[in-house]
Structures are given as structure tokens and as C-alpha cells.
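Student: give me a 3D structure for the following:
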Amino acid sequence: QVQLVESGGDLVQPGGSLRLSCAASGFTFSRALMSWVRQAPGKGHEWVSSISSGGISTYYADSVKGRFTISRDNAKNMLYLQMNSLKPEDTAVYFCVKDRHSSSPSWGQGTQVTVSS
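Tutor: Model prediction:
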């Protein structure tokens, strides 16, 4: 079955950086559109970024454009999110999502990112 396991979340000061990772298994990773979605306390899910199956095309929400970089390593079945210049409003649980727009997307359990001084 599909498994997505996120890691890398932490407490970081404003202006700091973090790199999130998502280990994927149970499906052909190299064929999947992968995304990061976050949920801030008391709010709904917010799409953050997506990357095409081959890693050529990347997409970002306006709120993170220029600060976050999505990438993938299809040889290792890994998805990444490099987050720089972090702001308090980036505080959220970050989820790795497979095929976000499909009829049956798959979600990881999430990793907590807290940006605070």
C-alpha cells in the first residue's frame, strides 16, 4: 500500500531554514505528481507546492514563491521541500501528498514546522 512518511519538521526562528523530506513507498514514485500541502492551527489545508513526475516542472503558491524549493529524487523515492526565509505564518503541519487532484490522493501523517522566536 501507499506509504508517505514526512520528516524534518522543527522549531526554527524567523528567517531560518528547514528541509522537509518525504519517503515514499508502495507505488511507482517516478510516475506520480507529488505535492506539499500545509495546515496551520485552526485553518484549512493550503496547497504549497507541486512537482511533476520527472521533476521538470514545479509550481508554488504565491505565499512561498521565491522562498521554498520543491525537489525529488526518483532513484531514492524521496520528495523534498527546502524552506528558506521562514516566517511565523509558515507555522503549520506539512503533508506530503501523492496525486493531489486524483479521485484518491494519498497523504502522509505530516510533520510540524513552527516558526517562532
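
Student: I figured K87 hits V12, correct?
Tutor: No. Here K87 does not reach V12: they are 10.5 Å apart, not a contact under CB atoms under 8 Å. The way it works is simple: take the backbone N, C-alpha and C, and place the C-beta from them, glycine included.

Student: the more surrounded of those two?
Tutor: V12 (18 against 13; other CB atoms under 10 Å).

Student: ramachandran coordinates for that one?
Tutor: Recorded main-chain torsions at V12 are phi -140, psi 150, according to degrees, to the nearest 10.

Student: assess the claim that it and Q112 are in contact.
Tutor: No. The pair V12 / Q112 is not scored as a contact, 11.1 Å apart, by CB under 8 Å.

Student: quick revisit: which residues do K87 and V12 both contact?
Tutor: V115 (CB atoms under 8 Å, 6 or more residues apart in numbering).

Student: for this protein, which segments count as strands?
Tutor: Assigned by DSSP state E, the strands in the chain fall at 3-7, 11-12, 18-25, 34-39, 45-51, 58-60, 68-73, 78-83, 92-98, 106-107, 111-115.

Student: who's in contact with the longest one?
Tutor: Right, strand 18-25. 2-10, 12, 32, 34, 36, 77-83, 86, 94, 96, 98, 108, 111, 113.

Student: go on, the fourth one?
Tutor: Outside strand 34-39, the residues that touch it by CB under 8 Å, 6+ apart are 20, 22, 24, 45-51, 70, 72, 79, 81, 90, 92-98, 100, 107, 110, 113.

Student: what sits against the residue lying farthest from the centre of the chain?
Tutor: When distances are taken from the C-alpha mean of the chain, S117 lies farthest, 22.9 Å away, according to CA atoms, centre = their mean. Shown in contact with S117 (CB under 8 Å, 6+ apart): 13-14.

Student: swap the cut-off to 10 Å and go again
Tutor: 12-16, 88 (CB atoms under 10 Å, 6 or more residues apart in numbering).

Student: which of the residues you listed are buried? Put it as a PyMOL command.
Tutor: Selection command for PyMOL covering only the buried members of the contacts of S117, criterion 16 or more other CB atoms under 10 Å:
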select buried, resi 12
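
Student: now L4: how far from N84?
Tutor: 23 Å (CB to CB, to the nearest Å).
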